[in-house]
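Colleague: what shape does this take:
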Amino acid sequence: MIEARGIEKSFGSLKVLKGIDFTAEKSEVVSIMGASGAGKSTLLHILGTLSSPDSGSLAIDGTDVLHLGSRELSAFRNRKIGFVFQFHHLLPEFTSVENVMIPALIAGRSARDAKSAAIRLLGDLGLAERVSHKPSELSGGEQQRVAIARALVNNPAVLYADEPSGNLDSKTKEELHKLFFSLRDMYGQTIVIVTHDPELAAMCDRSLQMKDGLFVM
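Modeller: Model prediction:
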């Protein structure tokens, strides 16, 4: 599902990624751990097509994404990739269902279809009673589940999560960790998670450790 080879990235004179090879199979859940500054988030942004490497290759679901034009890449990202970040980035003026609908509307789906998909996902994530609530009326865990529903509304092939539980209390964090594996079982996504949490990493199918821009044993 994901195949990256020889990924290098520098910011000025600082070489952050030093020739990373990474693969993930369909429906696999992979965690990436490492100290701050190891290059985890930089790699995730490249794997998610949010930034480009200086060199290397990247294929997602059989598509060579580094050779897509900007418009093609945006369309590919919208259809094939979902993102969940530590801070949910929900739009405060919109309800839960409206926030979840946004990527579907961008993809050209009808408002009726987008709303139906959003309501179904929110129900799957235990938020059926919260569809009309705005972010300020939700708990931190509920806000993060809305963000996950938004990431899933276009049924992407790949879900990337960057410290998804880093801002949550321990009980909510545990529930969220279990949720990722329920999602994999329900929807079959490949999930790549950057985390500092050893409990979450231990739950994954594979856990990789980064240090100084490389994977280490």
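
Colleague: which residues does the most centrally placed residue in the chain form beta bridges with?
Modeller: For the chain, Tyr160 is the residue whose C-alpha lies nearest the centre (Cα atoms, centre = their mean; 2.2 Å). Legend: beta-bridge partners of Tyr160 under DSSP bridges are Phe83, Val192.

Colleague: separation between it and Glu137?
Modeller: Separation of Tyr160 from Glu137 (Cβ to Cβ, to the nearest Å): 28 Å. From N, CA and C alone the C-beta is placed, and that goes for glycine too.

Colleague: how distant is the worst-scoring helix or strand of the chain on mean pLDDT from the center of its chain?
Modeller: Ranked by mean pLDDT, DSSP states H and E, the weakest helix or strand in the chain is helix 170-187, scoring a mean of 80. Offset of helix 170-187 from its chain centre (Cα atoms, centre = their mean, to the nearest Å): 13 Å.

Colleague: which pLDDT does the model give Leu200?
Modeller: Listed pLDDT for Leu200 reads 84.

Colleague: just the pLDDT for the spatially closest residue to Thr190 that is not a sequence neighbour.
Modeller: In space, and not counting its chain neighbours, Thr190 is closest to Met1: 4.3 Å by Cβ to Cβ, 6 or more residues apart in numbering. According to the prediction, Met1 has pLDDT 91.

Colleague: Ala24 - nearest residue in space that isn't next to it in sequence?
Modeller: Excluding its sequence neighbours, the residue lying closest to Ala24 (Cβ to Cβ, 6+ apart) is Ile2, at 4.3 Å.

Colleague: show residues contacting the least confident helix or strand of the chain.
Modeller: The contact list for helix 170-187, computed with Cβ atoms under 8 Å, 6 or more residues apart in numbering, reads 27, 29, 124-125, 139-141, 144-145, 148, 152, 155, 159, 161, 164-165, 168, 189, 191, 193, 197, 199-200, 203.

Colleague: narrow those residues to those in strands?
Modeller: Val29, Leu159, Ala161, Ile191, Ile193 (DSSP state E).

Colleague: from those residues, pick the one nearest Arg79.
Modeller: Checking the ones in strands among the contacts of helix 170-187 against Arg79 by Cβ to Cβ gives Leu159 as the nearest, at 13.1 Å.

Colleague: run a quick check on that closest one versus Arg150, I expect a contact.
Modeller: No. Counting by Cβ atoms under 8 Å, Arg150 is not a contact partner of Leu159; they are 11.2 Å apart.

Colleague: how about the helices of the chain, start to end?
Modeller: For the chain, the helices defined by DSSP state H occupy 40-47, 70-80, 96-106, 111-124, 140-152, 170-187, 198-203.

Colleague: any chance of a markdown table for those, columns mean neighbour count and distance to Leu17?
Modeller: Formatted as a markdown table, the helices of the chain follow (neighbours: other Cβ atoms under 10 Å; distance: least, Cβ to Cβ, whole Å):
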| stretch | mean neighbour count | distance to Leu17 |
| --- | --- | --- |
| helix 40-47 | 22 | 6 |
| helix 70-80 | 14 | 20 |
| helix 96-106 | 22 | 28 |
| helix 111-124 | 18 | 33 |
| helix 140-152 | 24 | 24 |
| helix 170-187 | 16 | 25 |
| helix 198-203 | 15 | 20 |
